[in-house]
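Undergrad: coordinates only, no sequence provided:
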């Protein structure tokens, strides 16, 4: 009968012969040695609901004595075990949340800008080349030398119109002034 006891965050997981039982830490009232190698975990629900563990059968955590196993179990119940909240961890998590908020804000701004840039009406149209028309899409007031444009090239060969995008994408990261030098696909 192999038994393992694991710290599972808010609970302790006791597995005997492949069957696991989870005991919430706040339920545990007392951990005591009751016989030579037997530890009783009192969960405050009466004598018949107490959990008894034989130290001789516990393979993890390994312990040299019943007292050592009791101390290991008590250590699992302490509030300063790994994985619990600390001020440093909270500060770190707050930083991560702020980073996520910034990323979400940037995504929201891009989505909102897409709403403002309808692909049905380009902001600028260049028809100066007899073989191609360039359609530029950007927010109103975008500077022609800023990398905020999605540029479409329309060509007509033997009556067939071909629509291609700069760098093969509709992303708003091209410069309008560079439209004739860009590669379209």
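TA: Done, it's in. Keep in mind that this is a model prediction, so the values were computed, not measured.
Undergrad: and residue 123, what's its pLDDT?
TA: For residue 123, the model assigns a pLDDT of 89.
Undergrad: now it. Nearest residue, chain neighbours left out?
TA: residue 138 (5.0 Å; C-beta to C-beta, 6 or more residues apart in numbering). Just so you know, the C-beta spots here come from the backbone N, C-alpha and C atoms, and that holds for glycine as well.
Undergrad: the one you found contacts residue 172, correct?
TA: Yes. At 6.5 Å, residue 138 and residue 172 qualify as touching, with contact defined as C-beta atoms under 8 Å.
Undergrad: and the spatially most central residue of the chain, what element?
TA: Centrality entry for the chain: nearest residue to the mean C-alpha point is residue 100, 9.4 Å, by C-alpha atoms, centre = their mean. Residue 100 is located in helix 87-116, with elements delineated by DSSP states H and E.
Undergrad: so residue 138 and residue 172 - more neighbours on which side?
TA: Shown here are residue 138 and residue 172; by other C-beta atoms under 10 Å, residue 138 has more neighbours (22 against 19).
Undergrad: can you measure across stretch 39-57, start residue to end residue?
TA: End-to-end distance for stretch 39-57: 11 Å, by C-alpha to C-alpha, to the nearest Å.
Undergrad: next, the buried residues of it.
TA: By neighbour count on 16 or more other C-beta atoms under 10 Å, the buried set for stretch 39-57 is 39, 40, 41, 42, 43, 50, 53, 54, 55.
Undergrad: show me those residues that map onto strands.
TA: 39, 40, 41, 42, 53, 54 (DSSP state E).
Undergrad: still on that earlier bit, looking at the buried residues of stretch 39-57, spot the one nearest residue 176.
TA: Distance to residue 176, by C-beta to C-beta, is smallest for residue 43 among the buried residues of stretch 39-57, at 70.7 Å.
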